[in-house]
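Q: this is a predicted model, with the sequence first.
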Amino acid sequence: AGISYGIFDSVVMLVDFINKQFDVLADDLHIRAAKTGMLADAATMKAVAANLTKYDFGALVLDPVISTKHGNTLMEEEALSTLKNVLLPLTTVITPNFYETQHLVGRELHSDADIAEAAAEIQALGAKNVVLKGRHDSDDQTEVRDYILLENGKHFWLTGPYFATERKNGTGDTLSAVITAELGKGTPVEDAIRIAKHFVDTAIQNEIAVGHKFG
């Protein structure tokens, strides 16, 4: 199987190497926004959190890579608790998928009310703004509904069309990256989220066929 079929190997960066990257970036650049992706273990998370406390890298977008959009878990228990206790309190916007939200609150979610409650719990852990990405794993659905809870208490559902395609690897990464880019430009957080949602919907609609499976 090729790379479009899944994840087959990974290498965890040494903490010293991560620290050096932060030192060099902070010395050279004025960073207005940053985002995290796959942070493999508790040691990595603690190193990132320590550096984000030491240096001001602006708004932090946390894309908590705990499980895939198909529900396969990628993170160990110790790392999950470190994510919640150490990284969440530093977070400007968190963007978990449906399964990651369930991991963060430790239970299954069945209704809109469950999802709203989960968002409030995640915000209480320290994330200022919460974007709970809706499920998109049934070809019967016609739309994808994301639940947004902002720092000011405003909350709403952000609905977009569901595209029946498997060509959507990287959509979550792209959403968090666009939010980060917009925050870096000084865009207000609600606008940044809406722009990112539209950007990703447009990208999925105009799919690129790369590889044999999840392009």
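A: Done, it's in. Numbers count the residues shown, from 1 in each chain.

Q: give me the nearest residue to the most centrally placed residue in the chain, chain neighbours excluded.
A: Residue closest to the average C-alpha location in the chain (C-alpha atoms, centre = their mean): D63, at 2.2 Å. With sequence-adjacent residues excluded and distances taken as C-beta to C-beta, 6 or more residues apart in numbering, D63 is closest to S176, at 3.9 Å. From N, CA and C alone the C-beta is placed, and that goes for glycine too.

Q: where's the one you found, which helix or strand?
A: Using DSSP states H and E, S176 maps to helix 171-184.

Q: now do the helices in the protein.
A: Assigned by DSSP state H, the helices in the chain fall at 15-28, 42-54, 77-82, 98-105, 112-124, 171-184, 189-205.

Q: coming back round to it: okay, angle between the helix holding S176 and helix 98-105 too, please.
A: Computed by axes from the mean of the first three to the mean of the last three C-alpha atoms, to 10 degrees, the angle separating helix 171-184 from helix 98-105 equals 70 degrees.

Q: same for helix 171-184, what does it pack against?
A: strand 33-36, strand 59-62, strand 93-94, helix 189-205 (3 or more C-beta pairs under 8 Å, 6 or more residues apart in numbering; DSSP states H and E).

Q: and the average pLDDT for the third one is what?
A: Translated: strand 93-94. What strand 93-94 shows for mean pLDDT is 98.

Q: in its sheet, what does that strand sit against?
A: Strand pairing for strand 93-94, using DSSP bridges, gives strand 59-62 (parallel), strand 129-132 (parallel).

Q: so which of these is nearest A181?
A: A181 lies closest to strand 59-62 among the strands paired with strand 93-94, at 9.5 Å (C-beta to C-beta).

Q: could I get that closest one in CSV with only the CA atoms?
A: Written as CSV, here are the backbone C-alpha positions of strand 59-62 (Å, rounded to 0.1, in the frame of the first residue of the first chain):
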residue,chain,number,x,y,z
ALA,A,59,-2.1,33.1,18.9
LEU,A,60,-1.8,29.4,19.3
VAL,A,61,-4.0,27.1,17.3
LEU,A,62,-4.1,23.6,18.7
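
Q: just send the helices of the chain back as TSV, with mean pLDDT and mean neighbour count too.
A: Listed next are the helices of the chain as TSV, based on pLDDT from 0 to 100; neighbours: other C-beta atoms under 10 Å:
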stretch	mean pLDDT	mean neighbour count
helix 15-28	97	13
helix 42-54	96	18
helix 77-82	88	15
helix 98-105	94	22
helix 112-124	97	16
helix 171-184	90	21
helix 189-205	87	18
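
Q: redo these as CSV? Include distance to T91.
A: Compiled in CSV, the helices of the chain are given as follows (distance: least, C-beta to C-beta, whole Å):
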stretch, distance to T91
helix 15-28, 17
helix 42-54, 10
helix 77-82, 13
helix 98-105, 12
helix 112-124, 9
helix 171-184, 11
helix 189-205, 12
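
Q: and the ones you listed: which comes nearest V131?
A: V131 sits nearest to helix 189-205 of all the helices of the chain, at 5.8 Å, using C-beta to C-beta.
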